[in-house]
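Colleague: with the input below, show me the fold.
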Amino acid sequence: MIKRVVKMTFQPEKTETFLQDVFEASKSKIRAFPGCQSMELLRDTTAPNILFTLSVWDSEAALNSYRSSELFQSTWAKTKALFADKAQAWSMELLDQHIS
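Modeller: Okay, here's the model as predicted:
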């Protein structure tokens, strides 16, 4: 299992466009993609135009399959057209976890 964090900085006036036009249209398809266990959208508490996705994938291969899909290609093209800065992404493996 891997966790993927993607930081996206949007042009402030384009943030709602992303949320309404891009994310709403694609979120259920991404979550249903083979190998995707979950996907969350988070917002920076001090900068409302900075959003993050946190997704959990069965494996690096599952993530790469999604990244080479038409779904990703079309969604990413629409998303990055709204950016104010280049996206940053990290793939991580869980080493330790505590849930209360």
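Colleague: what are the pairing partners of the helix or strand harbouring residue 8, and which direction each?
Modeller: Remark: residue 8 resides in strand 2-9, with elements defined by DSSP states H and E. The pairing partners recorded for strand 2-9 under DSSP bridges are strand 50-57 (antiparallel), strand 88-92 (antiparallel).
Colleague: show me how far whichever helix or strand comes after that strand is from its chain's centre.
Modeller: Next helix or strand after strand 2-9 toward the C-terminus (DSSP H and E): helix 15-17. The offset between the C-alpha centroid of helix 15-17 and the centroid of the whole chain comes to 15 Å, using CA atoms, centre = their mean, to the nearest Å.
Colleague: the helix or strand harbouring residue 72: which residues count as buried?
Modeller: Residue 72 is located in helix 70-80, with elements delineated by DSSP H and E. Using 16 or more other CB atoms under 10 Å as the burial criterion, the residues of helix 70-80 that qualify are 72, 75, 79. C-betas here are computed from N, CA, C, even on glycine.
Colleague: output the residues you listed in JSON lines, with pLDDT and distance to residue 62 appended to each entry.
Modeller: As requested, the buried residues of helix 70-80 are arranged in JSON lines below (pLDDT from 0 to 100; distance: CB to CB, whole Å):
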{"residue": "72", "pLDDT": "97", "distance to residue 62": "12"}
{"residue": "75", "pLDDT": "97", "distance to residue 62": "17"}
{"residue": "79", "pLDDT": "98", "distance to residue 62": "20"}
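Colleague: now render those residues as CSV, adding distance to residue 63.
Modeller: Supplementary listing: the buried residues of helix 70-80 in CSV, determined by distance: CB to CB, whole Å:
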residue, distance to residue 63
72, 10
75, 14
79, 17
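Colleague: and which of those residues is nearest to residue 28?
Modeller: The shortest distance between residue 28 and any of the buried residues of helix 70-80, using CB to CB, involves residue 75 and amounts to 12.0 Å.
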